[in-house]
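> Output the structure for:
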Amino acid sequence: MALQKNLADSMAAIRTERKKSLSEFAEELSISRSSLQDILKGKSNPTLSTVELIAKQLEVDPLMLLSCSKSEMHATVYLAHLLDWFQQLSIEQQQEFAAAVDTLFAILIGHKKEGKL
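Sure thing, here's the model as predicted:
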């Protein structure tokens, strides 16, 4: 039962992130709208081949669809967008961003050691 819920939550998170209607999302996944609704409601028990097809269409690992919670999938989608954005930066901009992130982590680690977090 947890796998069905994870699949439903993961797909709902991706659909929300992509701002797709049920019909648009079903078309993107190459499944019927009613099949999509059943999956999202946890009423369906899709075959592994269907899960693999959905994962391929979404360009994600099928195991992610089955194992991630809704919040984990939102975070994964957000990080994928961040990586896409990062790759569009020039090398110099990437280096500046990486240095800023390193500085941020150093500050956070320092605060944690001082008991401020």
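> Packing partners of the helix or strand of the chain with the lowest mean pLDDT?
Scoring the helices and strands of the chain by mean pLDDT, DSSP states H and E places helix 70-87 at the bottom, with a mean of 85. Applying 3 or more Cβ pairs under 8 Å, 6 or more residues apart in numbering; DSSP states H and E, we find helix 70-87 packed against helix 2-18. Just so you know, the C-beta spots here come from the backbone N, C-alpha and C atoms, and that holds for glycine as well.
> does residue 60 count as helix, strand or coil?
Secondary structure, DSSP: H, G, I helix; E, B strand; the rest coil: residue 60 is coil.
> residues in contact with it?
If you count contacts by Cβ atoms under 8 Å, 6 or more residues apart in numbering, residue 60 has them with 14, 76.
> Taking helix 70-87 as reference, get the angle to the longest helix along the chain.
Ranked by residue count, the top helix of the chain under DSSP state H comes out as helix 91-113. On the basis of axes from the mean of the first three to the mean of the last three Cα atoms, to 10 degrees, helix 91-113 is oriented at 140 degrees to helix 70-87.
> Using neighbour counts, pick out the buried residues of helix 91-113.
When neighbours are counted by 16 or more other Cβ atoms under 10 Å, no buried residue of helix 91-113 is found.
> same deal with stretch 11-29?
So, applying 16+ other Cβ under 10 Å, buried residues of stretch 11-29: 11, 12, 13, 14, 15, 25, 26, 28, 29.
> what about that stretch, average pLDDT?
Average pLDDT, stretch 11-29: 92.
> okay, that stretch in CSV with CA atoms only?
Extracted C-alpha coordinates of stretch 11-29, given in CSV (Å, rounded to 0.1, in the frame of the first residue of the first chain):
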residue,chain,number,x,y,z
MET,A,11,3.1,11.9,-9.6
ALA,A,12,0.9,14.5,-8.0
ALA,A,13,4.0,16.5,-7.0
ILE,A,14,5.4,16.4,-10.5
ARG,A,15,2.0,17.3,-12.1
THR,A,16,1.7,20.3,-9.7
GLU,A,17,5.3,21.4,-10.4
ARG,A,18,4.6,21.2,-14.2
LYS,A,19,1.3,23.0,-13.8
LYS,A,20,-0.5,20.4,-16.0
SER,A,21,-4.2,19.6,-16.0
LEU,A,22,-5.1,16.0,-15.6
SER,A,23,-5.8,15.6,-19.3
GLU,A,24,-2.4,17.3,-20.2
PHE,A,25,-0.5,15.2,-17.7
ALA,A,26,-2.2,11.9,-18.9
GLU,A,27,-1.3,12.8,-22.5
GLU,A,28,2.3,13.5,-21.5
LEU,A,29,2.4,10.1,-19.8
